[in-house]
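Colleague: got a predicted structure plus its sequence, pasted below:
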Amino acid sequence: MSEQNKYILGEDRIPREWYNIAADLPAPPPPVLHPATGAPIGPDDLAPLFPMALIGQEVSTERHIEIPDPVRDIYRMWRPTPLHRARGLEKALGTTARIFYKNEGVSPAGSHKPNTAVAQAFYNKQAGVTKLSTETGAGQWGSSLAFAGALFGLEVKVYMVRVSYQQKPYRRALMETYGAKCVASPSTETDSGRAVLAAHPDSPGSLGIAISEAVEVAAKNADTKYALGSVLNHVLLHQTVIGIEAIEQMEQADAYPDVVIGCAGGGSNFAGIAFPFIGKKLRDKTDVRVIAVEPAACPTLTRGAYAFDFGDTAHLTPMVKMHTLGSEFIPPGFHAGGLRYHGMSPLVSHCKELGLIEARAYHQNPCFEAGVLFARTEGIVPAPESNHAVRAAIDEALKAREEGASPTILFNLSGHGHFDMQAYTDYFAGKLEDLDYDPKALEDSLAHLPKVAAE
Ligand SMILES: *Cc1c(COP(=O)(O)O)cnc(C)c1O
């Protein structure tokens with residue numbers, strides 16, 4: 001390949017390694033506990049669910065982990081993703097701040113999620129697995145895994161939260177176009193699904209329920225493994241391509257962020273952009289403020305307990321120490337389906353406890369207002385989840401104007417909103433409600449957190 005073609009394809013700009021923050025943390029994160037015994041688990045306990053290569057990454061403390069060539073070959077379809085200076089937005093705000101954003105919406109599925117879907121599909125294929133089961137909320141993860149499964153010849157089965165299954169037929173159509181099978185959860189196909197339906201025949205479903213179904217199928221079938229789109233260490237690891245690229249791209253722009261911002265559901269796109277910067281801070285004392293933004297209706301980092309909890313409703317998953325609203329918590333309705341999870345990545349939670357990151361929560365109307373301004377100044381319609389990051393970036397820029405400061409702000413645009421236009425239609429019609437979570441329901445849910453000896 002000629003030098004010029006290499007440059008055009010960006011071959012040299014796709015990272016060769018993922019970054020593992022576990023190597024740089026001043027204190028190791030707490031252990032992962034067995035769901036039945038409460039004792040710390042080892043790699044073998046996870047073997048029914050994940051291939052060994054991913055389990056190895058889950059517990060690794062190596063700083064750099066090589067990205068296999070077949071994964072980089074697929075990343076080349078859309079990576080490196082563009083880093084833009086949001087000049088139109090800066091002008092509209094009259095801010096003295098510089099705002100940059102990384103656009104992960106350019107991937108085939110429209111979000112950051114293929115960064116890990118492709119890696120997970122690769123390691124499963126390599127281990128001889130033929131089928132993957134998973135859950136999806138709004139459909140972003142299901143379509144990303146469906147895409148990756150198609151490229152590696154894996155069968156993909158997606159348990160989709162029922163309310164989204166009904167509200168987002170086009171996401172379902174996208175999964176089916178990539179060849180995946182999609183069923184509404186709770187379904188009649190699993191013990192966990194049937195148990196929920198017996199108690200609540202009209203259950204709208206939740207991510208916690210859908211995870212139980214997908215985990216059950218993987219645990220019971222030797223040819224099937226489970227794939228999770230967020231929360232776990234190896235998922236966050238794969239997403240660090242975002243921040244690694246951003247550091248190099250900011251250098252080309254002769255800039256370094258004072259503030260790094262990401263929206264946080266399970267924490268993967270946030271960690272993807274933020275962890276490489278936090279690593280630099282821990283190693284070279286390059287100071288940076290890091291802000292995770294979540295919905296006020298599902299305020300895991302800002303209102304949750306930091307405690308051991310299950311990842312799912314039926315308590316089939318291991319217990320991890322994280323910020324959690326309790327596995328029974330069902331948030332009130334709002335449009336950012338990808339931010340509805342009751343828990344938070346243990347690594348992101350640990351960083352919060354160590355004081356390495358800040359968290360804030362917003363209601364959905366101010367987030368959509370920010371997303372509409374972004375669309376009208378930068379041309380890209382953000383996903384409802386990403387609007388949370390846009391809102392925080394705008395607020396930081398407005399604060400800079402007031403203070404006469406000129407910080408450099410970097411945020412992650414985790415995805416585009418082309419499958420979420422109903423949410424925008426509802427916003428324009430004034431139909432979006434800024435619902436608060438029910439404090440009593442949260443109290444009840446937290447009262448049922450598992451009792452754990454290790455604490
Ligand atoms: C899934 C999703 C999120 C939330 O997931 P994280 O793991 O917290 O990143 C955010 N934005 C988009 C566009 C998503 O699809």
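Modeller: Looks like it arrived, so ask away. Residues are numbered from 1 along each chain as shown.
Colleague: pretty sure residue 118 sits against residue 146.
Modeller: No: contact criterion C-beta atoms under 8 Å: residue 118 and residue 146 do not qualify, at 11.8 Å. Bear in mind the C-beta positions are built from the backbone N, C-alpha and C, glycine included.
Colleague: so which of these two has more stuff around it?
Modeller: More crowded of residue 118 and residue 146, by other C-beta atoms under 10 Å: residue 146, with 30 against 27.
Colleague: what score does that one have for pLDDT?
Modeller: Note on residue 146: pLDDT of 98.
Colleague: mind giving me the packing neighbours of the helix or strand hosting it?
Modeller: If you go by DSSP states H and E, residue 146 is part of helix 140-152. Identification of packing neighbours for helix 140-152 by 3 or more C-beta pairs under 8 Å, 6 or more residues apart in numbering; DSSP states H and E yields helix 114-126, strand 131-136, strand 155-161, helix 169-177.
Colleague: 10 Å - rerun?
Modeller: Here helix 140-152 touches helix 69-75, helix 114-126, strand 131-136, strand 155-161, helix 169-177, strand 181-185, going by 3 or more C-beta pairs under 10 Å, 6 or more residues apart in numbering; DSSP states H and E.
Colleague: can you list the residues of the stretch 251-400 of the chain near the ligand?
Modeller: 263-270, 338-339, 383, 385-386 (C-beta under 6 Å from any ligand atom).
Colleague: can you check the stretch 1-150 of the chain too?
Modeller: By C-beta under 6 Å from any ligand atom, the residues of the stretch 1-150 of the chain that approach the ligand are 111, 113, 140-141.
Colleague: do that again at 5 Å, thanks
Modeller: 111, 140 (C-beta under 5 Å from any ligand atom).
Colleague: let me see the ranges of the helices in the stretch 1-150 of the chain.
Modeller: 3-9, 43-46, 52-59, 69-75, 87-93, 114-126, 140-152 (DSSP state H, counting those that start in this stretch).
Colleague: and the residue nearest the centre of the chain, backbone torsions?
Modeller: Compute the mean C-alpha point of the chain, and by C-alpha atoms, centre = their mean the closest residue is residue 268, 3.5 Å away. Residue 268 adopts backbone torsions of phi -80, psi -40, taken as degrees, to the nearest 10.
Colleague: related to what we said a few turns ago, of the residues of the stretch 251-400 of the chain next to the ligand, which belong to helices?
Modeller: Under the assignment DSSP state H, these contribute 268-270, 386 to helices.
Colleague: redo those as JSON lines? Include pLDDT.
Modeller: Below are those laid out as JSON lines (pLDDT from 0 to 100):
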{"residue": "268", "pLDDT": "98"}
{"residue": "269", "pLDDT": "98"}
{"residue": "270", "pLDDT": "98"}
{"residue": "386", "pLDDT": "98"}
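Colleague: out of those residues, which comes closest to residue 351?
Modeller: residue 270 (9.8 Å; C-beta to C-beta).
Colleague: if I look at that closest one, how far off is residue 349?
Modeller: Distance from residue 270 to residue 349, counting by C-beta to C-beta, to the nearest Å: 12 Å.
Colleague: same thing with residue 125?
Modeller: Counting by C-beta to C-beta, the gap from residue 125 to residue 349 is 31 Å.
Colleague: neighbour count for those two, which is higher?
Modeller: residue 349 (26 against 19).
Colleague: these two touch, right, that one and residue 306?
Modeller: Yes: using C-beta atoms under 10 Å, residue 349 is in contact with residue 306, at 6.2 Å.
Colleague: now list whatever residues contact both of the two.
Modeller: Counting by C-beta atoms under 10 Å, 6 or more residues apart in numbering, the shared contacts of residue 349 and residue 306 are 30, 321-324.
Colleague: okay, the residues you listed in TSV with secondary structure and neighbour count next?
Modeller: TSV is the format used below for those (DSSP: H, G, I helix; E, B strand; the rest coil; neighbours: other C-beta atoms under 10 Å):
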residue	secondary structure	neighbour count
30	coil	20
321	strand	21
322	strand	29
323	strand	29
324	strand	25
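Colleague: and those residues, which is closest to residue 97?
Modeller: Closest to residue 97, out of all of the shared contacts of residue 349 and residue 306 and judged by C-beta to C-beta, is residue 323, at 28.8 Å.
Colleague: wait, that closest one touches residue 231, no?
Modeller: No: shown here, residue 323 and residue 231 do not form a contact pair, counting by C-beta under 10 Å, at 11.4 Å.
Colleague: now the common contact residues for the two.
Modeller: In terms of C-beta under 10 Å, 6+ apart, residue 323 and residue 231 are both contacted by the residues 267, 343-346, 348.
Colleague: so which of those are in helices?
Modeller: Counted as lying in helices by DSSP H, out of the shared contacts of residue 323 and residue 231, are 346, 348.
Colleague: now, the most widely separated pair of the shared contacts of residue 323 and residue 231?
Modeller: Greatest spacing in the shared contacts of residue 323 and residue 231, by C-beta to C-beta: 343 and 348 (10.2 Å).
Colleague: so what's in contact with these two at the same time?
Modeller: Residues within reach of residue 343 and of residue 348 at once, by C-beta under 10 Å, 6+ apart, are 230-231, 266-267, 300, 322-323.
Colleague: for residue 336, what are its contacts?
Modeller: Residues near residue 336 by C-beta under 10 Å, 6+ apart: 137-138, 263, 265, 294-295, 297-298, 362, 364, 367-368, 383-388, 420, 423.
Colleague: burial check on whatever residue of the stretch 351-455 of the chain ends up closest to the ligand, number of neighbours?
Modeller: Across the stretch 351-455 of the chain, the shortest distance to the ligand (C-beta to the nearest ligand atom) belongs to residue 415, at 2.8 Å. When counting by other C-beta under 10 Å, one arrives at 29 neighbours for residue 415.
Colleague: residue 102 is in contact with that one, correct?
Modeller: No: counting by C-beta under 10 Å, residue 415 does not reach residue 102; the two are 11.6 Å apart.
Colleague: now do the buried residues in stretch 414-421.
Modeller: Residues of stretch 414-421 classed as buried: 414-417, 419-420 (neighbour count, 16 or more other C-beta atoms under 10 Å).
Colleague: now residue 408: phi and psi?
Modeller: Per-residue torsions, residue 408: phi -100, psi 120 (degrees, to the nearest 10).
Colleague: right, and it touches residue 98 too?
Modeller: Yes: Residue 408 is within contact range of residue 98, at 4.7 Å (criterion: C-beta under 10 Å).
Colleague: who touches both of the two?
Modeller: Common contact partners of residue 408 and residue 98 (C-beta under 10 Å, 6+ apart): 85, 253, 255, 257-258, 400.
Colleague: closest to residue 39 among those?
Modeller: Nearest member of the shared contacts of residue 408 and residue 98 to residue 39, counting by C-beta to C-beta, is residue 257, at 41.7 Å.
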